[in-house]
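Q: Okay, predicted coordinates and the sequence, questions at the end:
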Amino acid sequence: MLLIGGAFQDMYSWRRHETLLGRAATVITVDLPGWGGADALSPSIGTDLLADAAHRVIEHTGAGPCHVVGASFGALIGQRLAQRHPAAVASLALSGVAGPLAPEQADDLEELERLLTAGALAAFAERMVDSLSPRVPERAVRRGEPVRRLLTVDFLRASDDARAKMIDNLRRLRLARMVYPDPVPDVPAVMFTGEHDGATPSVHGRRLAATYPRGRSVVITEADHCVHLQRDAEYCRLLLTHFGGGDVRELPFCRTPHPAGATVPARPSGALA
């Protein structure tokens, strides 16, 4: 199982999941170029190179074909991996699928980049966390405040190198093409997110799932874009069910999203993780 994280994650971001997933699979996490301990990567270099780099990981480890997990920006990389190297992908699970950036989302990303470049770490952390997991009292979100605190501390404690890569990835997100019309492989594919995800609402995952011959789309209840932290055990159970050939729609914490997509708060419009 190959896990590809989001723009602000690294290969150690999945430690809490590795124990659960490792009971049933060999788990590979990776720092792709521009992430974690890997070399920096120009923001002008986009998703295809990252997908090809993920493919090199599969080739190097001899693990293919792999069950591929992509989260947030990693979902875009996982999607391109499946399109460019279909023989390397046994099945696919994409969490937090994005659609084309709305103007207000591009503006949010530019403002986050400005704050981080200026060294305004507290303002950046607050805005970033509000973007990923906003406080919406009328919506039930598991571990909402603890996850917000965890993310805030992580952003505030980021090293100089990590902050530089965050800036590059914010720029990369603004420049990235989010939808590619290339053919998709005939593999089991599930697209999912938290039911209250305003950064990458479920409508985008539902549309992408419809392009796969064996595509499915669900939302995990009582969660938002940070579903992998808020409901980590359920997140892992969904992956193991899907990769084991089960129907994730039958899981008690999942439901099929409404055709119009999940209900999304008007502001903040949401950046991508």
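A: Cool, got the structure.
Q: From now on I want contacts and neighbour counts done on CA atoms only, so please keep to that.
A: OK.
Q: residue contacts, Ala54?
A: Neighbouring residues of Ala54 by C-alpha atoms under 8 Å, 6 or more residues apart in numbering: Leu32, Leu81.
Q: Break down the chain into its helices, ranges please.
A: Taking DSSP state H as the test, the helices found in the chain are 15-21, 47-61, 73-84, 103-117, 121-132, 144-156, 160-175, 202-209, 227-230, 232-243.
Q: of all the ones you listed, which lies closest to Val30?
A: Closest approach to Val30 among the helices of the chain (C-alpha to C-alpha): helix 47-61, 8.0 Å.
Q: Average pLDDT for the closest one, rounded please.
A: For helix 47-61, mean pLDDT is 97.
Q: how near is Gly5 to Pro43?
A: With distances taken as C-alpha to C-alpha, to the nearest Å, Gly5 is found 17 Å from Pro43.
Q: So the two - more neighbours on which side?
A: Taking neighbours as other C-alpha atoms under 10 Å, Gly5 and Pro43 compare with Gly5 leading, 28 against 18.
Q: quick one, phi/psi of the more buried one?
A: Phi and psi for Gly5, reported as degrees, to the nearest 10, are phi -90, psi -180.
Q: you'd agree it is up against Ile77?
A: No - assessed by C-alpha atoms under 8 Å, Gly5 is found out of contact with Ile77, at 9.2 Å.
Q: hey, what's in contact with both of these two?
A: In contact with both Gly5 and Ile77: Gly70, using C-alpha under 8 Å, 6+ apart.
Q: Adding distance to Leu92, write the helices of the chain out as a markdown table.
A: Shown next, in a markdown table, are the helices of the chain (distance: least, C-alpha to C-alpha, whole Å):
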| stretch | distance to Leu92 |
| --- | --- |
| helix 15-21 | 15 |
| helix 47-61 | 14 |
| helix 73-84 | 8 |
| helix 103-117 | 26 |
| helix 121-132 | 23 |
| helix 144-156 | 26 |
| helix 160-175 | 22 |
| helix 202-209 | 10 |
| helix 227-230 | 16 |
| helix 232-243 | 8 |
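Q: What's the separation between Asp247 and Leu92?
A: 14 Å.
Q: more crowded one of the two?
A: Neighbours were counted for Asp247 and for Leu92 using other C-alpha under 10 Å; Leu92 has more, 27 against 13.
Q: For the more buried one, which residues are in contact?
A: By C-alpha under 8 Å, 6+ apart, the residues touching Leu92 are His67, Val68, Val69, Gly78, Ala82, Val187, Pro188, Ala189, Val190.
Q: Many thanks, I have nothing further to ask.
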